[in-house]
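*Asks:* Structure for the following, please:
(2 chains)
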There are 2 protein chains.
Amino acid sequence: MANRSPFASKLGAFVALSDEEMTLLDRLHVRRKVFPAGRDMVHEGQKNPSAYILASGWVCSYKLLSGGTRQIVDFQIPGDFLGLRSVLFRTADHNIEPVTRVEASEVLATDLLETFSKTPRLATAVLWAASRDEAMVVEHLVGIGRRDAKERTAHFLLELGSRLKLVGLGSASGYACPLSQNLLADALGLSAVHVNRVLRELREEGLVTFQHGRVEIHDLDALVLLADFDQTYLDHDGPLLK
Amino acid sequence: MANRSPFASKLGAFVALSDEEMTLLDRLHVRRKVFPAGRDMVHEGQKNPSAYILASGWVCSYKLLSGGTRQIVDFQIPGDFLGLRSVLFRTADHNIEPVTRVEASEVLATDLLETFSKTPRLATAVLWAASRDEAMVVEHLVGIGRRDAKERTAHFLLELGSRLKLVGLGSASGYACPLSQNLLADALGLSAVHVNRVLRELREEGLVTFQHGRVEIHDLDALVLLADFDQTYLDHDGPLLK
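*Replies:* Numbers count the residues shown, from 1 in each chain, chains lettered A, B, ... in the order given. Below you'll find the predicted structure:
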């Protein structure tokens, strides 16, 4: 199983996948595409959009408001499913923009629904992955609604680390992170200047450094305490469906 | 099909359910329970919680922060599935509290997963319902992050109306609503005083009145314009799976 895709690794954390299920999953990966950074892969209002499974690179999902401001809902990393909701609704309700160069497999709505009908365990696994995504949006809502800027930023950096570790792209001590302070600001509901100040405070307190495209966590316990970070919602406890 | 539960009505909007699927769905409703207002049905951190299908009454899902503040993530109305995410994660990541007296069917994790394995179309329908819930949380995130108090409140009242209409509990002109201004405040990230002022403004401008447990929409078009409300994310366009 050394050649498992990040997506299969992630689903495998929830459902122990059989060889047959792995084969069906691999078939979803045939339409491999490359997208440059900065140009939307999916735009809000687009009819019958495809879904994508992210193989490499980072993207952000965001909504534009009529006044021109934007709110980043979440970032997606390798192994994440993009645009599932838009497929089920037949219309994209948000934009998806590559933060870096991205490789992704395009999944047509018909292929996805056909795969689900053949293997309900995969449908359940995707339901789990979607629930996990929802849990992250809930945390972002709670963060913007009730956490101060420092707690919110610390929580965000811990969450990213936990997600990257699950797909083998980071560890408890740090990870590569291509996000600019502007992107962080749009996700955290802060100004870029405020993000800069918060990151400096976190660094000066010896908790975490985010510089030169890398997050280094110096004091994990203290950071978890500051952010009130409980990773229950990211669940790594092993498959529920054997 | 006059006796369809609100849950079946809601799923039926996405998947045309066969008689066999309806029977399997009905079986999920056997453990009917009653809960009084104000006492948590599920609490954060609870292990192996059940899920519930709400038959009557309203509940709120919320998270408590270590400092004692709370953020309401969403309200659930008849036909909604409660605690799905907590079942899939084996640990509740939020609290569920009845706002009114509630009747709900308890669904055990094992029964739910078994039903999915028998009928992948139901799993897909539940995935759609979960995606719709996620879309609402996304809207709440965008609202708290980027909409002012009046737009946010207007958006919230329009969303509730649209949801209630889908399960036959309201119309474009109004609906019964048991929420207090304190509850609205905890959902909208505002103080109760602020909510009170915003509701008065909306009333004085002839847009919407929320009084005596009823929301009356006087000028739907103007309210939609103010809130920048696009109900794509609530999708009522008829079944994707025939």
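
*Asks:* how about the helix or strand of chain A with the lowest mean pLDDT, does it reach chain B?
*Replies:* In chain A, the helix or strand scored least confidently by mean pLDDT, DSSP states H and E is helix A:6-12, which has a mean of 83. No: between helix A:6-12 and chain B, judged by C-beta under 8 Å from any C-beta of the partner chain, nothing touches; the nearest distance is 12.4 Å. For every residue, glycine as well, the C-beta is placed using N, CA and C.

*Asks:* And the next helix or strand past that helix?
*Replies:* helix A:19-27 (DSSP states H and E).

*Asks:* average pLDDT for the next helix or strand after that following helix?
*Replies:* Per DSSP H and E, the first helix or strand lying C-terminal to helix A:19-27 is strand A:32-35. Averaged over strand A:32-35, pLDDT sits at 96.

*Asks:* got the CA coordinates for strand A:32-35 in PDB?
*Replies:* Taking C-alpha atoms only, strand A:32-35 is exported to PDB below (Å, rounded to 0.1, in the frame of the first residue of the first chain):
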ATOM      1  CA  ARG A  32      -5.300  14.400 -13.800                       C
ATOM      2  CA  LYS A  33      -5.000  18.100 -14.400                       C
ATOM      3  CA  VAL A  34      -2.500  20.900 -13.500                       C
ATOM      4  CA  PHE A  35      -3.600  24.400 -12.400                       C
END
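
*Asks:* Show me what it is in contact with.
*Replies:* A:Met41, A:Tyr52, A:Ala55, A:Gly57, A:Pro98, A:Arg101, A:Val102, A:Glu103, A:Ala104, A:Ser105, A:Glu106 (C-beta atoms under 8 Å, 6 or more residues apart in numbering or on different chains).

*Asks:* so who does the last one touch?
*Replies:* Neighbour list for A:Glu106: A:Arg31, A:Arg32, A:Lys33, A:Ser50, A:Ala51, A:Tyr52 [criterion: C-beta under 8 Å, 6+ apart].

*Asks:* residues touching the closest residue in space to A:Glu201 that isn't next to it in sequence, list them.
*Replies:* Sequence neighbours aside, A:Lys150 is the residue nearest to A:Glu201 in space, at 6.4 Å (criterion: C-beta to C-beta, 6 or more residues apart in numbering or on different chains). Neighbouring residues of A:Lys150 by C-beta under 8 Å, 6+ apart: A:Val198, A:Glu201, A:Leu202, A:Leu226.

*Asks:* quick one: which of those is nearest to A:Glu159?
*Replies:* For the contacts of A:Lys150, the closest approach to A:Glu159 (C-beta to C-beta) belongs to A:Leu226, at 13.6 Å.

*Asks:* Let me know the secondary structure of the closest one.
*Replies:* Secondary structure, DSSP: H, G, I helix; E, B strand; the rest coil: A:Leu226 is helix.

*Asks:* Now do the helices in chain A.
*Replies:* For chain A, the helices defined by DSSP state H cover A:6-12, A:19-27, A:84-89, A:109-118, A:120-146, A:149-166, A:181-188, A:192-204, A:220-227.

*Asks:* Report the buried residues of the second one.
*Replies:* Buried positions in helix A:19-27, judged by neighbour count with 16 or more other C-beta atoms under 10 Å in any protein chain shown: A:Glu21, A:Met22, A:Leu24, A:Leu25.

*Asks:* Please identify which two of those residues are farthest apart in space.
*Replies:* Spatially, the most separated pair among these is A:Met22 and A:Leu24, at 7.4 Å (C-beta to C-beta).

*Asks:* Contacts only, for the nearest residue to A:Gly57 once chain neighbours are set aside.
*Replies:* Distance criterion C-beta to C-beta, 6+ apart; nearest residue to A:Gly57, sequence neighbours excluded, is A:Val102 at 3.5 Å. By C-beta under 8 Å, 6+ apart, the contact set of A:Val102 is A:Val34, A:Phe35, A:Ala37, A:Met41, A:Leu54, A:Ser56, A:Gly57, A:Trp58, A:Val59.

*Asks:* mind redoing it with 10 Å?
*Replies:* A:33-37, A:41, A:52, A:54-59, A:76, A:78, A:82, A:96 (C-beta atoms under 10 Å, 6 or more residues apart in numbering or on different chains).

*Asks:* follow-up on the earlier one: possible to save the contacts of A:Lys150 as CSV with pLDDT and neighbour count?
*Replies:* As requested, the contacts of A:Lys150 are exported to CSV (pLDDT from 0 to 100; neighbours: other C-beta atoms under 10 Å in any protein chain shown):
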residue, pLDDT, neighbour count
A:Val198, 98, 21
A:Glu201, 98, 13
A:Leu202, 98, 21
A:Leu226, 96, 19
